[in-house]
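Enquirer: Build me a model from this:
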Amino acid sequence: MNMITQIFNLNNIFIFIAQSIFTIWIINFLNNKIFSNLHLIYRAEQKIHKGFVSRSGGLTIVFSFIVFYLLSNDENFIGFILIACLPIILVGFLEDFFNNIRPSVRLNATLFSSFLLIQFPGLSLPMIDLPLLSYFFQMFPITLIFFLILSMTALANSINMIDGSNGLMLASVAIIIFCLIGISIDVNDKQLITFYSFFLTSILALLFFNFPFQKIFTGDMGAYVIGLILGFSIIFLYGRYPEHITWEVGLVLFYPIYELLFTMFRRKFFNNSNITTADDKHLHQLIFYSVKNYFNNRTANNLVLILMFPLILLPFLIMYTYDFSMEFQQVISSMIVLSFLYNLYYWFFYTKNR
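Expert: The predicted structure follows:
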């Protein structure tokens, strides 16, 4: 209960309502007046919904952070994040509304924004608890910077990768933020509690219109920005509090990161294709194809989140069990269990689609 009361205070409720009103305005005005014609050209092999749904949800995330910047006492932190994310905001905006930006351009924009984020003044870099690599990072600090830039870029792409079904990405991010709030409460960092609480309310507001009614999608801009902000805030958190082992990150971010690594492995060694080539063999897509024979498209789309919710909720329940402060052995054993569960999910729904 203490965690809930620290998140949903009156200020956050006000922000939630304001964000919801703005989202409604985005839906009613932009969809009907401007963006519907642009989105008619949207085609993607991984698309599983029918009809037009605006991909302008990323605008609500950016707008939320602008409002947060104007109302917050932590302007430097929020302002820096907004400026550093400008490259991917621009490229993501063009992709969402014109659908003609090459993957390489999006990748470079994400890398550039990651590079800018890591330049935050006074940022303490976390110690990466990896055998041999931790010593290498200490000997050559520049390699740690490159590693963190690549990690933020990978996270942004993994968040975008799971954004393919109603509410799935947003619910996954909400669970991740709950974990990060728990860690922030454990170290009693009021700055990060406030930041993550606001971040959570903006995600929940967008989720309200995305699931189950499919009124708006987050789009590439929203997914990339959410991923970069998550990645940077995690670096900030674990750099400030080195008493928390960085292996916790693998558990907190298990679903998006494992989805990315599993997809790269699957495409390379099982499908014999380029790891960057989009396909419709992600776990959430296999679940959708398995249930759509029994339900209409919208219902089947919504059922994906319901069926996958145990998988994306488990990291939070595990972290909560250990009071958001875990030992190495606990993290590793938990990730082994989660990887087994993911592969069991994948095998079951893959066989149903053969």
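
Enquirer: Give me the below-cutoff pLDDT ranges for the stretch 251-354 of the chain.
Expert: Nowhere does the stretch 251-354 of the chain drop to pLDDT under 70.

Enquirer: any idea where the strands of it begin and end?
Expert: Assigned by DSSP state E, counting those that start in this stretch, the strands in the stretch 251-354 of the chain number zero.

Enquirer: ranges for the helices of it?
Expert: Counting by DSSP state H, counting those that start in this stretch, the stretch 251-354 of the chain has helices at residues 254-269, 283-291, 297-321, 328-352.

Enquirer: Packing partners of the second one?
Expert: What that stands for is helix 283-291. Counting contacts by 3 or more Cβ pairs under 8 Å, 6 or more residues apart in numbering; DSSP states H and E, helix 283-291 packs against helix 297-321, helix 328-352. C-beta here means a position set from N, CA and C on the backbone, and glycine is covered the same way.

Enquirer: do the same with the first one
Expert: Counting contacts by 3+ Cβ pairs under 8 Å, 6+ apart, the secondary-structure elements packed against helix 254-269 are helix 141-161, helix 297-321, helix 328-352.

Enquirer: of the ones you listed, which approaches P256 most closely?
Expert: Among these, helix 141-161 comes nearest to P256, with 3.9 Å by Cβ to Cβ.

Enquirer: Just the buried positions in the closest one, please.
Expert: 144, 147-149, 151-161 (16 or more other Cβ atoms under 10 Å).

Enquirer: avg pLDDT for that helix?
Expert: What helix 141-161 shows for mean pLDDT is 92.

Enquirer: Name the residues that touch that helix?
Expert: 88, 107, 110-111, 114-115, 117-118, 125, 128, 133, 136-137, 169, 173, 220, 223-224, 226-228, 230-232, 235, 253, 256-257, 259-260, 263, 282 (Cβ atoms under 8 Å, 6 or more residues apart in numbering).

Enquirer: Quick one: buried ones out of these?
Expert: Buried, going by 16+ other Cβ under 10 Å: 88, 107, 110-111, 114-115, 117-118, 125, 128, 137, 169, 173, 220, 223-224, 226-228, 230-232, 235, 253, 256-257, 259-260, 263, 282, out of these.

Enquirer: about what we covered before: ok, and which of the helices and strands packed on helix 283-291 has the densest surroundings?
Expert: Highest mean neighbour count of these: helix 297-321, a mean of 18 (counted as mean count of other Cβ atoms under 10 Å).

Enquirer: Could you check the angle that helix makes with helix 328-352?
Expert: Interaxial angle of helix 297-321 relative to helix 328-352 (axes from the mean of the first three to the mean of the last three Cα atoms, to 10 degrees): 160 degrees.

Enquirer: which other helices and strands contact helix 297-321?
Expert: helix 168-186, helix 247-252, helix 254-269, helix 283-291, helix 328-352.

Enquirer: By neighbour count, which bits of the first one are buried? Give me those.
Expert: Pointing back at helix 168-186 there. Per 16+ other Cβ under 10 Å, helix 168-186 contains these buried residues: 168-185.

Enquirer: any idea of the mean pLDDT for the helix or strand following that helix?
Expert: Under the assignment DSSP states H and E, the closest C-terminal helix or strand after helix 168-186 is helix 190-210. The pLDDT scores in helix 190-210 average 86.

Enquirer: Taking helix 168-186 as reference, get the angle to helix 190-210.
Expert: Using the same axes, to 10 degrees: helix 190-210 against helix 168-186 is 160 degrees.
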